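A.B. asks: here is a sequence together with a model predicted from it:
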Amino acid sequence: MRTWALAVLAAGLGKRMRSPVPKIFFPALGKPLVGYLLDEASALEFRACFLVVAPAFLEKARELFGDRVTIVPQAQPLGTGDAAKAILPYLREDTAFLLIVYADMPLLSRRTLKGLCGFLEESSYDLVFATSCAPDPSGFGRVVREGGGVRIVEEKDCSPEEYGLHEVNVGVFALRREVALALLPLLNNENAQKEFYLTDLVALAQRRGFRVAPCVLPWSEEFTNVNTPRDFARVLGVLRERKLEDLFSRGVKILDPQTTYIDWDVEVGEDVWIYPGVLIEGKSVIASCAHIGPYARIVESVIGERSRVEYSVVEHSRLAEDVTVGPFAHLRPGTELARGVRIGNFVEVKNSFVGEGTRALHLSYLGDATIGKTVNIGAGTITCNFDGKKKNPTFIEDEVFIGSNNSLVAPVRIGRGAYTAAGSTITQDVPPYALGVGRAKQVNIEGWVKRKRGDE
């Protein structure tokens with residue numbers, strides 16, 4: 001494919017999606033929608049790849065794809081023909097062929113792209129385009145064959161007879177460089193929508209004496225265009241099914257595929273068990289023999305071998321081997337749990353390291369803390385890390401026992417092997433192997449309740 005350039009047309013406004021975000025940027029299993037098409041194209045090693053976008057989204061496109069493609073602006077939304085024309089100044093002289101595709105076809109395969117390119121290279125044609133017989137042609141331009149020629153009519157411009165046709169334009173065009181240079185500037189917008197249609201290139205090429213042929217392909221789900229929210233959901237369903245099938249083939253046990261959502265770039269090891277209601281997002285890594293769920297959400301995190309997360313949320317965190325999280329725990333960004341840590345019911349951990357074998361089993365908040373090995377965090381313990389201006393650290397050394405209902409007012413350090421008494425507010429460092437007590441003296445007032453009720 002070293003003599004080919006690829007142009008992906010992504011400058012449409014996508015009005016039917018009713019979103020200020022272009023549909024090509026919609027997140028689809030953790031990747032921008034158009035990213036799937038670009039991934040397939042990159043495997044074919046085109047000499048150049050162009051992504052045509054509206055000027056308002058140049059920076060977003062560069063941020064997402066700038067190192068993979070050349071971002072080309074379409075100054076005004078004047079149609080697909082005008083978008084294709086925008087890449088002409090970027091075509092190098094050593095490019096012999098041009099492949100043009102619509103960006104809203106994320107399921108399009110490299111096999112189809114390569115096949116159409118090969119069809120043009122091995123023939124005497126100047127322009128070829130992919131067609132198929134769609135069971136439901138709604139949303140596609142119709143292919144009209146008449147008098148030995150062929151043309152494409154956009155659906156909104158179809159006559160009743162043309163509307164009833166089932167052969168459709170799939171949206172992939174392959175042409176020789178000289179045809180692109182000669183004909184794209186000649187497209188006009190003499191139609192009901194006042195747009196420059198790329199599809200008009202087919203009839204124009206024939207009028208100018210170029211050889212044109214449709215390449216008829218069997219109908220496939222890969223030709224699905226994303227034009228509406230329903231289309232988007234349908235494509236997500238296909239991608240999701242492909243991901244789950246790949247995981248099944250790797251020995252992953254997914255007990256309820258209908259309620260399991262795993263992003264495309266997630267890595268899952270062998271013999272992982274995934275229970276109902278699980279979402280795993282981003283570039284998370286789930287090591288072998290881990291158990292995830294039921295009802296757990298993992299975001300951009302690493303889960304170690306044999307670890308378990310159930311009824312909990314884990315975000316931007318790292319769990320070592322044999323860790324247990326949940327039920328109803330929340331690990332926030334920056335959390336790192338060493339081997340054998342247990343985080344239990346209604347425990348929140350943020351930006352903290354928890355050492356090997358430590359347990360925090362009930363109703364606790366651990367923020368900006370460094371906690372050693374085999375520490376016991378009593379129920380109701382909180383690290384008071386925020387003083388209104390900055391976050392302050394808490395250090396709990398190895399083998400410490402933190403009593404229930406403790407407030408550890410940071411910055412503070414609890415020394416190795418120390419204890420803190422239940423109900424304490426610890427505001428000063430506790431030396432190793434000492435007992436820290438921070439309670440107010442209890443006073444019992446006899447008869448107070450009866451006097452308050454007027455019983456006496």
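C.D. replies: Perfect, I can see it now. Numbers count the residues shown, from 1 in each chain.
A.B. asks: now Arg176, which residues is it bridged with?
C.D. replies: Assessed by DSSP bridges, Arg176 has beta-bridge partners Phe97.
A.B. asks: residues contacting the residue nearest to Tyr365 when sequence neighbours are not counted?
C.D. replies: Spatial nearest neighbour of Tyr365, excluding adjacent residues (CB to CB, 6 or more residues apart in numbering): Ile382 at 4.4 Å. To be clear about C-beta, it is placed using only N, CA and C from the backbone, and glycine gets the same treatment. Taking CB atoms under 8 Å, 6 or more residues apart in numbering as the criterion, Ile382 is in contact with 364-366, 406-408.
A.B. asks: of those residues, which belong to strands?
C.D. replies: Among the contacts of Ile382, the members found in strands (DSSP state E) are 365-366, 407-408.
A.B. asks: can you redo the residues you listed as CSV with distance to Phe210 and neighbour count?
C.D. replies: CSV is the format used below for those (distance: CB to CB, whole Å; neighbours: other CB atoms under 10 Å):
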residue, distance to Phe210, neighbour count
Tyr365, 71, 20
Leu366, 70, 28
Ser407, 80, 17
Leu408, 78, 28
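A.B. asks: next one: Lys389 from Thr80, what distance?
C.D. replies: 55 Å (CB to CB, to the nearest Å).
A.B. asks: what about the strands in the stretch 1-150 of the chain?
C.D. replies: Listed in chain order, the strands of the stretch 1-150 of the chain (DSSP state E, counting those that start in this stretch) span 4-9, 27-28, 31-32, 48-53, 70-73, 97-102, 127-133, 142-146, 149-153.
A.B. asks: packed most tightly, which of those strands would that be?
C.D. replies: Most buried of those, by mean neighbour count (mean count of other CB atoms under 10 Å): strand 4-9, with a mean of 26.
A.B. asks: list the helices and strands it packs on?
C.D. replies: If you count contacts as 3 or more CB pairs under 8 Å, 6 or more residues apart in numbering; DSSP states H and E, strand 4-9 packs onto helix 33-42, strand 48-53, helix 80-85, strand 97-102.
A.B. asks: Pro214 is nearest to which of the ones you listed?
C.D. replies: Judged by CB to CB, the one of those that comes nearest to Pro214 is strand 97-102, at 15.0 Å.
A.B. asks: what about the stretch 101-250 of the chain, any weak spots by pLDDT?
C.D. replies: For the stretch 101-250 of the chain, applying pLDDT under 70 flags no range at all.
A.B. asks: ok, Thr420 touching Asn406?
C.D. replies: Yes - using CB atoms under 8 Å, Thr420 is in contact with Asn406, at 5.4 Å.
A.B. asks: joint contacts of these two?
C.D. replies: Between them, Thr420 and Asn406 share the contacting residues Ile426, judged by CB under 8 Å, 6+ apart.
A.B. asks: hmm, back to that, which pair in the contacts of Ile382 spans the largest distance?
C.D. replies: Longest distance between any two of the contacts of Ile382 is 12.3 Å, between Leu366 and Ser407; criterion CB to CB.
A.B. asks: what is in contact with those two at once?
C.D. replies: 381-382.
A.B. asks: okay, the residue nearest to Tyr365: pLDDT?
C.D. replies: pLDDT, Ile382: 98.
A.B. asks: and for the one 5 residues further on?
C.D. replies: Among the per-residue scores, Asp387 shows a pLDDT of 92.
A.B. asks: how near is it to Pro393?
C.D. replies: 12 Å.
A.B. asks: settle it for me: which of the two has more neighbours?
C.D. replies: Pro393 (16 against 11; other CB atoms under 10 Å).
A.B. asks: which residues does the more buried one contact?
C.D. replies: 368-370, 385, 410-411.
A.B. asks: swap in Ala287?
C.D. replies: Going by CB under 8 Å, 6+ apart, Ala287 touches 269, 272, 302-305, 307, 321.
A.B. asks: roughly how far apart are it and Val268?
C.D. replies: 9 Å.
A.B. asks: ok, now Val347?
C.D. replies: Counting by CB to CB, the gap from Val347 to Val268 is 25 Å.
A.B. asks: find the nearest non-adjacent residue to Val101, please.
C.D. replies: Val172 (5.1 Å).
A.B. asks: surely the one you found meets Leu116?
C.D. replies: Yes - with contact defined as CB under 8 Å, Val172 and Leu116 form a contacting pair (5.6 Å).
A.B. asks: overlap in contacts, these two.
C.D. replies: Common neighbours of Val172 and Leu116, using CB under 8 Å, 6+ apart, are 99, 130.
A.B. asks: check what pLDDT Leu13 gets.
C.D. replies: Reported pLDDT for Leu13: 69.
A.B. asks: who wins for most neighbours among the contacts of Ala287?
C.D. replies: That'd be Ile303 among those, by other CB under 10 Å, with 30 neighbours.
A.B. asks: I'd say it and Ser288 touch.
C.D. replies: No - Ile303 lies out of contact with Ser288 (CB under 8 Å); the separation is 10.4 Å.
A.B. asks: helices of this structure, start to end?
C.D. replies: Using DSSP state H, the helices of the chain run over residues 33-42, 58-65, 80-85, 110-121, 160-163, 177-183, 200-207, 229-249, 448-453.
A.B. asks: send me stretch 407-425 as CSV with only the CA atoms.
C.D. replies: Extracted C-alpha coordinates of stretch 407-425, given in CSV (Å, rounded to 0.1, in the frame of the first residue of the first chain):
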residue,chain,number,x,y,z
SER,A,407,-9.6,10.5,63.7
LEU,A,408,-6.0,10.8,62.7
VAL,A,409,-5.4,14.5,62.2
ALA,A,410,-2.7,14.9,59.6
PRO,A,411,0.2,15.5,59.4
VAL,A,412,0.8,12.7,61.9
ARG,A,413,2.8,9.6,62.2
ILE,A,414,1.9,6.4,64.2
GLY,A,415,5.1,4.5,65.0
ARG,A,416,5.8,0.8,64.5
GLY,A,417,3.7,-1.6,66.7
ALA,A,418,1.8,1.3,68.4
TYR,A,419,-1.8,1.1,69.4
THR,A,420,-4.4,3.9,69.4
ALA,A,421,-7.4,3.7,71.7
ALA,A,422,-10.9,3.4,70.4
GLY,A,423,-12.7,6.8,70.1
SER,A,424,-9.4,8.8,69.9
THR,A,425,-8.6,11.9,68.0
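A.B. asks: report the buried residues of that stretch.
C.D. replies: Of all the residues in stretch 407-425, those buried under the rule 16 or more other CB atoms under 10 Å are 407-410, 412-415, 418-425.
A.B. asks: ok, of those residues, which one's closest to Glu195?
C.D. replies: Ala410 (62.1 Å).
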